[in-house]
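Visitor: Here you go, sequence then predicted model.
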Protein chains: 2
Amino acid sequence: MYPELSQRWAKIRNEMKKDNTEACLLTSSANLFYSAGRVFKGYIYIGKEGDPLFFIQRPVGLKGDNIHYIKKQEDILPLLKTLVNELPANIAVEADYLSYNDYKRLEKAFDGIEFKNANTLLRMARAVKTDYEIQKLKESGLKHAALYSHIPAIYEEGMTDTDISIELERLSRQMGSLGIFRIFGASMEVFAGSVIAGDNADSPSPYDFAMGGSGINPSLPVGADGTLLKPGMTLMVDLGGNFNGYMTDMTRVFVVEELKNDLAKKAHECSRIIQEEIKKIAAPGVEAKKLYEKALEIAESCDLKRYFMGHTQQAGFIGHGVGIEINEMPVLAPRSRDILEKGMVFALEPKFVIPGVGAVGNENTFVVTDNGIEQITNLDEDILSIGL
Amino acid sequence: MYPELSQRWAKIRNEMKKDNTEACLLTSSANLFYSAGRVFKGYIYIGKEGDPLFFIQRPVGLKGDNIHYIKKQEDILPLLKTLVNELPANIAVEADYLSYNDYKRLEKAFDGIEFKNANTLLRMARAVKTDYEIQKLKESGLKHAALYSHIPAIYEEGMTDTDISIELERLSRQMGSLGIFRIFGASMEVFAGSVIAGDNADSPSPYDFAMGGSGINPSLPVGADGTLLKPGMTLMVDLGGNFNGYMTDMTRVFVVEELKNDLAKKAHECSRIIQEEIKKIAAPGVEAKKLYEKALEIAESCDLKRYFMGHTQQAGFIGHGVGIEINEMPVLAPRSRDILEKGMVFALEPKFVIPGVGAVGNENTFVVTDNGIEQITNLDEDILSIGL
């Protein structure tokens, strides 16, 4: 892992230089996995130069260079003084992740050193993936597509959306899924992802999702709600594939027996046109918001704007970066300032909710290449019939 | 839900009075589920008197009294001024949950009003469950025990710990499990819980667990690691039962074919003695740390201290409150200041790790009653053989 981690440290330091950040001190699972290659309880310290230092509380017994065991965060500064020639003038910590109380305690433990925000910096560094990370995402995309290819064989008459979800969760775990679903930011909770049938697609969610679903309990009001699948109803499968710590995002839509609703057919076709048109224009240097604008323009030209990205509640984006977390940069939204770069990986999900039928539209994950984008979630894009 | 929620608001206000807190403003999923009966994106405001106010961002269309839609947290104060006779002198917000940046933004939006910490207050209020909550935990305990009763029928020769976990995850979902596992505090990530075989029980975890397991990926280094089950090896099943938003905690141990190791047999017997002795002394008014001391005393008298609550890495507690989250009050640890009260619900998990064999010892969830404790996870306490 050393050459791979070295590359990532260089990317982080490149971002640090941009605003004169002299050191980073990271502790969230996502940023530890990125910068240290594994999760532990403790901190990684990345200074301007030299190998990073690891201040670890648990687990006991980790071996390697620059590992220093600590009991509490107050132990870091005294140790740091013995390990570096010069203390940094400022340290970036995860101000969008650490709780207020944890931040204040850490700030006190570094008395006198200015604190900056590491989250924006790390989101920037992580937005452009390394070759190794792209490989991991491609592996996840292969598994994700293979998982969905089972859906027609899983369905039996009398099943609910929840039943289908449970069988897919099991298969994904058998294929190596870690189960957990990592989301950046406060409070968003999702289990596995969403399998949504019929009008449950129009149940608004607590989050900025195109379609939420009302869930099976008010404790977790998202996703499958136990809807019995019936002829003509669509089933949207939008699970997060987390097979190796890197998450692809992918949606396919199925219909029980036969799709007879013309509006739903038209909307699915419109979603495919949006994907095709975006594939033509997406490339390094293109503004992410241009992709949003193009999608909206096509949805409008199809006279489907009122169903676009939700109906009762509409989402304010058409895509998002993916990686260790499901909501990385770039954000494909109207006010996004992100610009596509080679190595970025994003999910594109132009979807529609048709009342009385359900959700339609595909979602795929793409890697930004030298002069375009490459789709890494490849499976039939039609609305496939199940239960014929 | 109104009478139930009213009871909870009274409990929260009772804690507020103790330190002159005039209002609470809560937004975490766990505290919203507790105080509002469902999760949404937004805030519940609980003043000194009157019904709470709901400031909601999403989902659209929620109906009910005192619901006010907002676009952002800055909209709350102007609205509040029109809704209450007098602004509170202080407001408690979730300082152990809100990110530093979210807290600072909220503080700015309430310019001039002193902020206090709501998390400690809510942990106190939630520690003693209402009758309805105890009912939910008992329902969860019944399902949890029924789930584990399938284990001997699930096992087949050639299975790994992960295989067993996957089948139990599926069954639990079929029995209504929500899948997610709620933990209070930063960074602890667990999927479903732990199914740990043989020496994987001795792999230290990043968290304060008696046994961690190394997991299947460095992104999530806890739990099952794909160990092939072999004769004489123990299999510890410690999944969180989250069937209705309230989580019980329960562990049972199995052995492939026959347990021949005398030390492991002795340690399991010691775990059972600890549970029996603690049942005799636990009651309202008893200090939680006394239960820890009693457990340690018995482990020492059995000459098993070096294996107690882990071997390579030992955990610093023998039990913990459960409810909406898996780590509520009371904490059964040496420095705990918690005192048992009627209506508290806690898990007791005196476990041992025996090198070369695996983990032994049971875990059960108990409700504190008028004059003792009642076990709500009831299933055979022996080490059952699988694969005979």
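Guide: Cool, got the structure. Numbers count the residues shown, from 1 in each chain, chains lettered A, B, ... in the order given.

Visitor: So which residues on the stretch 151-300 of chain A come close to chain B?
Guide: Contact residues, the stretch 151-300 of chain A versus chain B (Cβ under 8 Å from any Cβ of the partner chain): A:162, A:165-167, A:169-170, A:173-174, A:176, A:178-180, A:186-187, A:189, A:191-192, A:203-208, A:212, A:215-221, A:244-245. Using the backbone N, CA and C atoms, a C-beta is placed for each residue, glycine as well.

Visitor: counting contacts, what elements does the top helix by length along chain A pack onto?
Guide: When chain A is parsed with DSSP state H, its longest helix is helix A:262-281. Using 3 or more Cβ pairs under 8 Å, 6 or more residues apart in numbering or on different chains; DSSP states H and E as the contact test, the elements touching helix A:262-281 are helix A:288-301, strand A:352-354, strand A:358-360.

Visitor: returning to what we had before: just the ones of the residues of the stretch 151-300 of chain A next to chain B in helices?
Guide: Judged by DSSP H, helices contain the following of these: A:162, A:165, A:166, A:167, A:169, A:170, A:173, A:174.

Visitor: What sits closest to the residue of the stretch 251-388 of chain A found nearest chain B if chain neighbours are left out?
Guide: Here the stretch 251-388 of chain A gets closest to chain B at one residue, residue A:313, 4.7 Å apart by Cβ to the nearest Cβ. What sits nearest to residue A:313 in space, not counting adjacent residues and going by Cβ to Cβ, 6 or more residues apart in numbering or on different chains, is residue A:204, at 3.6 Å.

Visitor: mind checking how far the helix or strand in which residue A:68 is found is from the chain centre?
Guide: Element membership of residue A:68, judged by DSSP states H and E, is strand A:67-69. Between the centre of strand A:67-69 and the centre of its chain there are 31 Å (Cα atoms, centre = their mean, to the nearest Å).

Visitor: which other helices and strands contact that strand?
Guide: Counting by 3+ Cβ pairs under 8 Å, 6+ apart, strand A:67-69 packs on strand A:53-58.

Visitor: How about the strand it packs on and chain B, touching?
Guide: Yes - interface with chain B: strand A:53-58 contributes residue A:58 (Cβ under 8 Å from any Cβ).

Visitor: what mean pLDDT does that strand have?
Guide: Strand A:53-58 carries an average pLDDT of 97.

Visitor: The closest residue to residue A:130 other than its chain neighbours and residue A:376: what is the separation?
Guide: Distances taken as Cβ to Cβ, 6+ apart place residue A:7 nearest to residue A:130, at 5.3 Å, with adjacent residues excluded. Residue A:7 sits 21 Å away from residue A:376, going by Cβ to Cβ, to the nearest Å.

Visitor: how deep is the closest residue to residue A:121 other than its chain neighbours tucked in, by neighbour count?
Guide: Leaving aside its chain neighbours, residue A:121 sits nearest to residue A:15 (4.6 Å; criterion: Cβ to Cβ, 6+ apart). Residue A:15 has 20 neighbours, counted by other Cβ atoms under 10 Å in any protein chain shown.

Visitor: Would you confirm that residue A:225 contacts residue A:214?
Guide: Yes - assessed by Cβ atoms under 8 Å, residue A:225 is found in contact with residue A:214 at 4.7 Å.

Visitor: between those two, what contacts are shared?
Guide: Jointly contacting residue A:225 and residue A:214 under the rule Cβ atoms under 8 Å, 6 or more residues apart in numbering or on different chains are A:200, A:203.

Visitor: what about the residue positioned nearest the centre of chain A, which helix or strand?
Guide: The centroid of chain A falls nearest to residue A:326 when counting by Cα atoms, centre = their mean (1.0 Å). Using DSSP H and E, residue A:326 maps to neither a helix nor a strand.

Visitor: can you tell if stretch A:100-114 touches chain B?
Guide: Yes - counting by Cβ under 8 Å from any Cβ, chain B has neighbours in stretch A:100-114: A:100, A:101, A:102, A:103, A:104.

Visitor: so of those, which ones are in helices?
Guide: The helices, defined by DSSP H, take in A:100, A:101, A:102, A:103, A:104 from those.

Visitor: From residue A:13, how far off is the first one?
Guide: Remark: distance between residue A:100 and residue A:13 (Cβ to Cβ) = 28 Å.

Visitor: again, but for the second one
Guide: Applying Cβ to Cβ, one obtains 30 Å for the distance of residue A:101 from residue A:13.

Visitor: do the same with the fourth one
Guide: Counting by Cβ to Cβ, the gap between residue A:103 and residue A:13 amounts to 23 Å.

Visitor: Looking at those two, which has the bigger crowd around it?
Guide: Neighbour count, other Cβ under 10 Å: between residue A:103 and residue A:13, residue A:103 has more, with 21 against 18.
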